[in-house]
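Colleague: Generate coordinates for the sequence data below:
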Amino acid sequence: VLLVESGGGLVQPGGSLRLSCTTSGFTFSTSAITWARQAPGKEREWVSGISTGGVGHYADFLKGRFIISRDNAKDTVYLQMNNLEPEDTAVYFCALGGFPFGDPRGWGQGTQVTVSS
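Modeller: Have a look, this model is predicted:
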């Protein structure tokens, strides 16, 4: 199982980023994928997940700012993050499985997102 996150970076408040989670080593089309994040000094928290059928699930604190999607032809899940806030600063990880689909069975190495002016 291999998951590789990309697309992080430095963005100003109100800006947007699109994260990618490129995967291999398992049957992507029949696998749910989730995103979590971890800010300095805080525990990792769940952000979003997408089912095999493409249904997205989101943490309440996102207030509709993020959109998760998947491309089964590319074995990749995307997280479009809009109207970013400084509180979104964290390392973002993707996982095979995870809440609300079950226990995670593998994690990527993470990508840093920094929201600052």
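
Colleague: Helix, strand or coil: sort out the spatially most central residue of the chain for me.
Modeller: By CA atoms, centre = their mean, the chain has its centre lying nearest to residue 35, at 3.2 Å. Using DSSP: H, G, I helix; E, B strand; the rest coil, the three-state assignment for residue 35 comes out as strand.

Colleague: hey, what's it bridged with?
Modeller: residue 48, residue 94 (DSSP bridges).

Colleague: Isn't it up against residue 69?
Modeller: No - Residue 35 is beyond contact range of residue 69, at 11.5 Å (criterion: CB atoms under 8 Å). Where you see a C-beta, it was placed from the backbone N, CA and C, and this is true even at glycine.

Colleague: Identify the contacts common to the two.
Modeller: Counting by CB atoms under 8 Å, 6 or more residues apart in numbering, the residues touching both residue 35 and residue 69 are residue 77.

Colleague: coming back round to it: and the residue nearest to the centre of the chain, how far from residue 88?
Modeller: 12 Å (CB to CB, to the nearest Å).

Colleague: and what of residue 113?
Modeller: Per CB to CB, residue 113 is found 6 Å from residue 88.

Colleague: Give me the common contacts of these two.
Modeller: Joint contacts of residue 113 and residue 88 (CB under 8 Å, 6+ apart) are 37, 81.

Colleague: Which residues are in contact with residue 82?
Modeller: Applying CB under 8 Å, 6+ apart, the residues contacting residue 82 are 16, 65, 66, 67.

Colleague: And the closest residue to the first one other than its chain neighbours, how close does it get to residue 116?
Modeller: It refers to residue 16. Leaving out its chain neighbours, the residue that sits closest to residue 16 by CB to CB, 6 or more residues apart in numbering is residue 82, at 4.8 Å. Distance, residue 82 to residue 116, by CB to CB: 17 Å.

Colleague: Residue 80 belongs to a strand?
Modeller: Yes - checked against three-state DSSP, residue 80 lies within a strand.

Colleague: give me the number of residues near it?
Modeller: Using other CB atoms under 10 Å, residue 80 has 14 neighbouring residues.
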